[in-house]
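Asks: starting from these lines, generate the structure:
(4 chains)
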2 protein chains.
Amino acid sequence: MDLVEMNYADFTKMILTLKTDIYHQTVQENRNIIHVNKEQTIIKNLEKIFDATLEISNEKGFQAMSMRDLAKGAGLSSGGLYAYFPGKMDLLTMLQKHGRKMVQEILFKLVKDAPDHVSKLRIALKTHLYLSEFMQPWFYFSYMEAKNLSEPERHNAIESELTTEKLFAAIVSQGQDAGLFEPRDPQLTAAIIKAILQDWYLKRWKFSRRNISVDQYANFIVEFVEAFLDVHGTETIRLKN
Amino acid sequence: MDLVEMNYADFTKMILTLKTDIYHQTVQENRNIIHVNKEQTIIKNLEKIFDATLEISNEKGFQAMSMRDLAKGAGLSSGGLYAYFPGKMDLLTMLQKHGRKMVQEILFKLVKDAPDHVSKLRIALKTHLYLSEFMQPWFYFSYMEAKNLSEPERHNAIESELTTEKLFAAIVSQGQDAGLFEPRDPQLTAAIIKAILQDWYLKRWKFSRRNISVDQYANFIVEFVEAFLDVHGTETIRLKN
DNA sequence: TTTTTACTAACGATCGTTCGTTATATTGAT
DNA sequence: ATCAATATAACGAACGATCGTTAGTAAAAA
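Replies: Predicted structure coming up:
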């Protein structure tokens, strides 16, 4: 699989196994607070609970979501939910951690073994955008409900945000050292990249209203960033879609 | 006052009278639902109520803010609040409308009589950024609590968002017709501009941590956008700060 | 004294959470 | 393979707390 030329369909196929891997990790990490024994059962219900939480919260907010709403959405009773987490706040923390792990794991795994800096930049841009499409409800949720987190968890969320920004800054910086990119400020460039990537999942209604697909937006971002950095030798790598 | 060269200090001086004007408008529009007679009293308390709402909501969310919290923050009793709005939802609607009016009024007023398209672009960028600094709590609030609005009010919020985007798209388009800007897609350019502007008030912690002032960010945005559009004749207009 | 503004106590509704009970699944002896 | 016995999972009524809101009363202004 050539990651540089991947489109969204390729991406989804690629990460399906990774997704269940990370669910196993999440279960393992919360083994002590979950009062259900069979892992199969936990994963099945945890996924239902997470999905329902995202759906309801993204419509009316996490605070406004009652445990009765959630129970109905997840197909459990309100009392039964409490076998999977100690309280509502803990559910929020679990869901945020789970999503962050998924993002970091996949993003760094795909970027790691890119052959050169131009590929690395392009793969990082596409992977981040495709992740935010695949996990759009989580990205939106993570952003809107950050204020409800406890202080240490909010700190983790901020650090995670800065970590991905640093990834982009590092790629830009290394490409500049190799003489491939123009000497723009790496940190500000990374900040702009993040802002544009964020637009995709925060203003989704705008893009769907204008019939812009995720593959179109991916190509637009790649072209925009490469033009901004005046990437040399782009004629050797051709965009697909 | 030369708007093209204004900095944030100039801006705040300029709009102080406009701010009270708009408070009078807001009072007038809600005259029928407010059970207090003296306009002086209304404005004094309404400002306290709005400010407290923004402060508490931006920390814990509008839903999580109880009317008892708000009463304490605004220096009134919980029952006394209800002389100024019929219910919690109406307070949200009032506050959103009030802020939108302020943004639209000031933005279009300052942009209107710019002498040329390059000035128009620069004034629009700076005004929008300075507004989002001056009214940062409202901007953040407006964005985070949009989901709590009623359907017609959410529609108004979206339209307002698109209106400012259209303003930027129109400036870009007109500048291109005059042969001043490169032929980039006006709508996508406007979308990027909005995304970068939004970063300022949504990720404020990032910029304050990095000691970036609003004037520095203004200059950065202006330079970035003008480089992107390859603005000609920028040597005739010089940045101040 | 009259009018205007603000306060306090109280109401019904709904919240997160608990707990005694029921239903379901697994086990082990026949 | 069958069926009690046991262990596991899910249920749902109930609790105290807190929510938005109201109404009768007190304070302040005119």
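
Asks: and the top helix by length along chain A with chain B, contact?
Replies: The single longest helix within chain A, with elements called by DSSP state H, is helix A:151-177. Yes. Using C-beta under 8 Å from any C-beta of the partner chain, we find that helix A:151-177 touches chain B at A:158, A:162. All C-beta spots, glycine's among them, are computed from the backbone N, C-alpha and C.

Asks: pLDDT of that helix, averaged?
Replies: Averaging pLDDT along helix A:151-177 gives 97.

Asks: which other helices and strands contact it?
Replies: Helices and strands touching helix A:151-177, as assessed by 3 or more C-beta pairs under 8 Å, 6 or more residues apart in numbering or on different chains; DSSP states H and E, comprise helix A:88-112, helix A:117-134, helix A:186-202.

Asks: and stretch A:51-64, C-alpha only, in PDB?
Replies: Taking C-alpha atoms only, stretch A:51-64 is exported to PDB below (Å, rounded to 0.1, in the frame of the first residue of the first chain):
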ATOM      1  CA  ASP A  51     -21.200   5.500  20.000                       C
ATOM      2  CA  ALA A  52     -24.400   6.500  21.800                       C
ATOM      3  CA  THR A  53     -22.500   9.000  24.000                       C
ATOM      4  CA  LEU A  54     -21.000  10.700  20.900                       C
ATOM      5  CA  GLU A  55     -24.300  10.800  19.100                       C
ATOM      6  CA  ILE A  56     -26.300  12.300  21.900                       C
ATOM      7  CA  SER A  57     -23.600  14.600  23.200                       C
ATOM      8  CA  ASN A  58     -22.800  16.000  19.800                       C
ATOM      9  CA  GLU A  59     -26.500  16.900  19.500                       C
ATOM     10  CA  LYS A  60     -27.300  18.400  22.900                       C
ATOM     11  CA  GLY A  61     -24.000  18.400  24.800                       C
ATOM     12  CA  PHE A  62     -22.500  15.900  27.300                       C
ATOM     13  CA  GLN A  63     -24.000  17.700  30.400                       C
ATOM     14  CA  ALA A  64     -27.400  17.700  28.800                       C
END
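
Asks: sorry, back to before: now the angle between helix A:117-134 and the longest helix of chain A, please.
Replies: Regarding helix A:151-177 and helix A:117-134, their directions subtend 150 degrees when assessed with axes from the mean of the first three to the mean of the last three C-alpha atoms, to 10 degrees.

Asks: which positions in helix A:151-177 come out as buried?
Replies: Neighbour counts over helix A:151-177 (16 or more other C-beta atoms under 10 Å in any protein chain shown) mark A:153, A:157-158, A:160-161, A:164-165, A:167-169, A:171-173, A:175-176 as buried.

Asks: from the residues you listed, which is closest to residue B:218?
Replies: residue A:165 (21.3 Å; C-beta to C-beta).

Asks: contact partners for the closest residue to that closest one other than its chain neighbours?
Replies: Residue nearest to residue A:165 in three dimensions, not counting chain neighbours: residue A:190, with 4.9 Å by C-beta to C-beta, 6 or more residues apart in numbering or on different chains. Listed by C-beta atoms under 8 Å, 6 or more residues apart in numbering or on different chains, the contact partners of residue A:190 are A:165, A:166, A:168, A:169, A:172.

Asks: one more pass at 10 Å, please.
Replies: A:162, A:164, A:165, A:166, A:167, A:168, A:169, A:170, A:171, A:172, A:173 (C-beta atoms under 10 Å, 6 or more residues apart in numbering or on different chains).

Asks: could you check how far the spatially closest residue to residue A:160 that is not a sequence neighbour is from residue A:149?
Replies: Spatial nearest neighbour of residue A:160, excluding adjacent residues (C-beta to C-beta, 6+ apart): residue A:100 at 4.9 Å. Remark: distance between residue A:100 and residue A:149 (C-beta to C-beta, to the nearest Å) = 11 Å.

Asks: can you tell which of the helices and strands packed on helix A:151-177 is closest to DNA strand D?
Replies: Distances from DNA strand D to each of those were compared by C-beta to the nearest atom of the strand, and the smallest falls on helix A:88-112, at 12.2 Å.

Asks: and the angle from that closest one to helix A:151-177?
Replies: Here helix A:88-112 runs at an angle of 10 degrees relative to helix A:151-177 (the same axes, to 10 degrees).

Asks: got any ranges where chain A has weak pLDDT?
Replies: A:232-241 (pLDDT under 70).

Asks: near DNA strand C, which residues of it show up?
Replies: Taking C-beta under 7 Å from any atom of the strand as the criterion, chain A approaches DNA strand C at residues A:38, A:65-69, A:78-79, A:82, A:86-89.

Asks: rewinding a little: who touches both of residue A:100 and residue A:149?
Replies: Overlap of the contact sets of residue A:100 and residue A:149 (by C-beta under 10 Å, 6+ apart) consists of A:142, A:156, A:157.

Asks: thanks a lot, catch you later.
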